[in-house]
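Participant: Pasting the sequence and the predicted model now:
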Amino acid sequence: GNSVTQMEGPVTLSEEAFLTINCTYTATGYPSLFWYVQYPGEGLQLLLKATKADDKGSNKGFEATYRKETTSFHLEKGSVQVSDSAVYFCALSGTDGGGNKLTFGTGTQLKVEL
Amino acid sequence: DAGITQSPRHKVTETGTPVTLRCHQTENHRYMYWYRQDPGHGLRLIHYSYGVKDTDKGEVSDGYSVSRSKTEDFLLTLESATSSQTSVYFCAVKGGPWGDTQYFGPGTRLTVL
């Protein structure tokens, strides 16, 4: 079946540091890949997505590239801010029918300090 | 926010009691989903709906049932709540400006004592 593996957190960075959160996946076919962000006490917000190999999703300074050869979709940001502190979830949308169900990773908590 | 509301937002109940959570959407989305979020597990799909009266199971459906009698409402029922169902429950819809993407409601925190 489909699965998503994310790096363990929490990740603690100083403001303006470079961020990488690793995400790898296992899936049949050609899934779409997503990053969602969850701020404390809130629901999940879509951060970015990519639908095919070599696509780069980007939003709010975050980027991730769909790498089929390494089955990865790592999240990066060049300079993090305190306001980026949140939990980040990598997810894939299956291609096996059934309403494009999402399979999530376990989430990575990011803490950004001054 | 894709016009999704969930009610109640918080609930504390006792083991063995029935509980119903409601998801309401205002944008006529066909697909709706219920997930639960637990530490160390991310989000896991409980049930989903692909139209009025059309539902199917997800990976953690045991102990849950759903109903969708009209497009805008998707109900999740715990027939007899257990402590293992203490969780945060999220509703989602598929659609939005990015196409085939799921958008989430604010969540319901359920505690079963």
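Facilitator: Received it, and whenever you're ready, just let me know what you need. Numbers count the residues shown, from 1 in each chain, chains lettered A, B, ... in the order given.
Participant: what's across from the residue most central in space within chain B in the sheet?
Facilitator: Nearest to the mean C-alpha position of chain B, counting by C-alpha atoms, centre = their mean, stands residue B:34 at 3.0 Å. Per DSSP bridges, residues listed as beta-bridge partners of residue B:34: residue B:47, residue B:91.
Participant: residues touching it, list them.
Facilitator: B:21, B:23, B:45-48, B:58, B:64, B:66, B:74, B:76, B:89-92 (C-beta atoms under 8 Å, 6 or more residues apart in numbering or on different chains). To be clear about C-beta, it is placed using only N, CA and C from the backbone, and glycine gets the same treatment.
Participant: Which one (most neighbours) among those residues?
Facilitator: The most crowded member of the contacts of residue B:34 is residue B:74, carrying 29 neighbours; neighbours defined as other C-beta atoms under 10 Å in any protein chain shown.
Participant: Go ahead and confirm that residue touches residue B:32.
Facilitator: Yes. At 4.2 Å, residue B:74 counts as touching residue B:32 under the criterion of C-beta atoms under 8 Å.
Participant: Compute the number of surrounding residues for the closest residue to chain B within chain A.
Facilitator: As assessed by C-beta to the nearest C-beta, chain B sits closest to residue A:104 within chain A, at 3.7 Å. Counted with other C-beta under 10 Å, the neighbours of residue A:104 add up to 22.
Participant: which neighbours does the lowest-mean-pLDDT helix or strand in chain A have in its sheet, and in what orientation?
Facilitator: Least confident helix or strand, chain A: strand A:102-104 with a mean of 91, by mean pLDDT, DSSP states H and E. Paired strands of strand A:102-104, with direction, are strand A:86-93 (antiparallel) (DSSP bridges).
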